[in-house]
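Enquirer: I'd like to go over a predicted model; first the sequence, then the structure.
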Amino acid sequence: MPRSASAITPHFRLIIADDHEFARIGLRTMLADETDIQLVGEASNGQEAVALCRTERPDLALLDIRMPELDGLAALRQIKIVSPLTRVMIVTLHEDPGYLLKALQAGAAGYVLKDSSRRTFLAAVRQVLHGETFVQGNLTVQLLHQLTLEPVAASPTTPIEPLTPRERDVLRLVAMGKTNRQIGQTLAISLGTVKIHVEHILGKLGVSDRTQAAVRAVQLGLVGPDAPQA
């Protein structure tokens, strides 16, 4: 006999923070049928979002960027302090690589636009909940292009361990927005091997996720038109 939806224990706990009630209703509605996801709180400003994360310790916080009292980026930084294991995804109207860069630097694991389809939004939520990074559409490419044109100099005192030729191959594909499965298919290596390479790359670059790795690689000249070839 199949189990009813009410008998399924939620595996993931989320909060939503947006100063517009209509936006919160929309996000809540898109999550309503996901039986393994539990919405444990809603906030109308950044201060409330931080307080919720401090008490609820959710697996994921969905934050708008522009909110009163404390904006989404400032709230994100505080959330990473009060609840370090909470992953944060920015949900915004702003398709802006500048905002994306600031969000990634603050520790965001995802960046999705409010006009996304339900399918894209839920895919983003699940991708972030399972430890990967999600950036909407063409934003990663826009950001990497901007950084290539106007690179942000890395600190000369920040040491990194050299990447192997294979790690450089993987990193270039990460910077193109490829998933682990797509990278494995392109390089004819197993999914497990790709995951190991990605873990090594993150450690060597001193970043916490693959999108930050792509940004860091451009800043260090490891990928891009002038990057040395392996």
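Expert: Looks like it came in fine. The structure presented is a predicted model; accordingly, all values stated were derived computationally and were not measured. Numbers count the residues shown, from 1 in each chain.
Enquirer: So in terms of bridging, what pairs with residue 38?
Expert: residue 13 (DSSP bridges).
Enquirer: the strands in this structure, which residues?
Expert: 12-17, 37-43, 60-63, 87-92, 110-113, 134-135 (DSSP state E).
Enquirer: Just send those back as a markdown table, with mean neighbour count and distance to residue 52 too.
Expert: Bear in mind the C-beta positions are built from the backbone N, C-alpha and C, glycine included. Converted to a markdown table, the strands of the chain look like this (neighbours: other C-beta atoms under 10 Å; distance: least, C-beta to C-beta, whole Å):
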| stretch | mean neighbour count | distance to residue 52 |
| --- | --- | --- |
| strand 12-17 | 24 | 5 |
| strand 37-43 | 19 | 4 |
| strand 60-63 | 26 | 8 |
| strand 87-92 | 26 | 12 |
| strand 110-113 | 24 | 18 |
| strand 134-135 | 24 | 22 |
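Enquirer: how about a markdown table for the ones you listed, with distance to residue 175 and mean pLDDT added?
Expert: Shown next, in a markdown table, are the strands of the chain (distance: least, C-beta to C-beta, whole Å; pLDDT from 0 to 100):
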| stretch | distance to residue 175 | mean pLDDT |
| --- | --- | --- |
| strand 12-17 | 28 | 96 |
| strand 37-43 | 30 | 95 |
| strand 60-63 | 25 | 97 |
| strand 87-92 | 20 | 93 |
| strand 110-113 | 16 | 90 |
| strand 134-135 | 11 | 83 |
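Enquirer: What is the least confident helix or strand in the chain?
Expert: helix 139-149 (a mean of 63; mean pLDDT, DSSP states H and E).
Enquirer: So what are the structural domains in the protein, by residue number?
Expert: 5-137, 143-219 (automatic domain parsing).
Enquirer: related to what we said a few turns ago, need the strands of the chain in JSON lines with distance to residue 172, can you?
Expert: Listed next are those as JSON lines, based on distance: least, C-beta to C-beta, whole Å:
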{"stretch": "strand 12-17", "distance to residue 172": "32"}
{"stretch": "strand 37-43", "distance to residue 172": "34"}
{"stretch": "strand 60-63", "distance to residue 172": "29"}
{"stretch": "strand 87-92", "distance to residue 172": "25"}
{"stretch": "strand 110-113", "distance to residue 172": "21"}
{"stretch": "strand 134-135", "distance to residue 172": "17"}
